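Student: my questions concern the predicted model and sequence given below.
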Amino acid sequence: MNYRIDFLSEAERDLNKLDRSVQIKVLKIIKRISENPFTDKHLGKKAGIDLSGYYKAYADKKKIRIVYRVDDSTITVLIVAIGRRSDFEVYKKAAKRLIE
């Protein structure tokens, strides 16, 4: 059973800002996530940012991170943020989006 994929509007903008070749790689990973969202790593606390209950997946040779949450009750995966790991950028974006 595949999970439905939803994007926060900001995460969709994250995806659209990437080069087309990187977008394709990210979309392949998102397709894999829809088939089994539990194979990726759990996030906990990263650089003082609490993302417990969220997962991360890698794309483009681990240069790009995809942060997402799984909702089993609705069989949905919510993509929260997509971006580079440098300076924990993607995790900071995810945490900010969870507060808003």
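Tutor: Arrived safely.
Student: what is the helix or strand harbouring His42 packed up against?
Tutor: Element membership of His42 [criterion: DSSP states H and E] is strand 41-46. Other elements packing on strand 41-46 under the criterion 3 or more C-beta pairs under 8 Å, 6 or more residues apart in numbering; DSSP states H and E are strand 49-59. In short, each C-beta sits where N, CA and C put it, glycine included.
Student: mind listing what's buried in the strand it packs on?
Tutor: Leu51, Tyr54, Tyr55, Lys56, Ala57, Tyr58, Ala59 (16 or more other C-beta atoms under 10 Å).
Student: now the first one, nearest residue through space, not along the chain?
Tutor: With C-beta to C-beta, 6 or more residues apart in numbering as the measure, Leu43 is the residue that lies nearest to Leu51, at 3.9 Å, once sequence neighbours are left out.
Student: wait, that neighbour touches Ile66, no?
Tutor: No. Using C-beta atoms under 8 Å, Leu43 is not in contact with Ile66, being 11.1 Å away.
Student: tell me how far Ser52 lies from Lys45.
Tutor: In this view, Ser52 and Lys45 are 7 Å apart by C-beta to C-beta, to the nearest Å.
Student: max-length helix in the protein?
Tutor: Assignment by DSSP state H gives helix 20-35 as the longest helix of the chain.
Student: might you report the residue contacts of the residue nearest to Leu51?
Tutor: Leu51, Ser52, Gly53, Tyr54, Tyr55, Lys56, Val67, Tyr91 (C-beta atoms under 8 Å, 6 or more residues apart in numbering).
Student: between those residues, which is nearest Ile82?
Tutor: Ile82 has its nearest neighbour among the contacts of Leu43 in Val67, at 7.6 Å by C-beta to C-beta.
Student: strand partners of the lowest-mean-pLDDT helix or strand in the chain, parallel vs antiparallel please.
Tutor: Every helix and strand of the chain was ranked by mean pLDDT, DSSP states H and E. The lowest is strand 41-46, at a mean of 88. With DSSP bridges as the test, strand 41-46 is paired with strand 49-59 (antiparallel).
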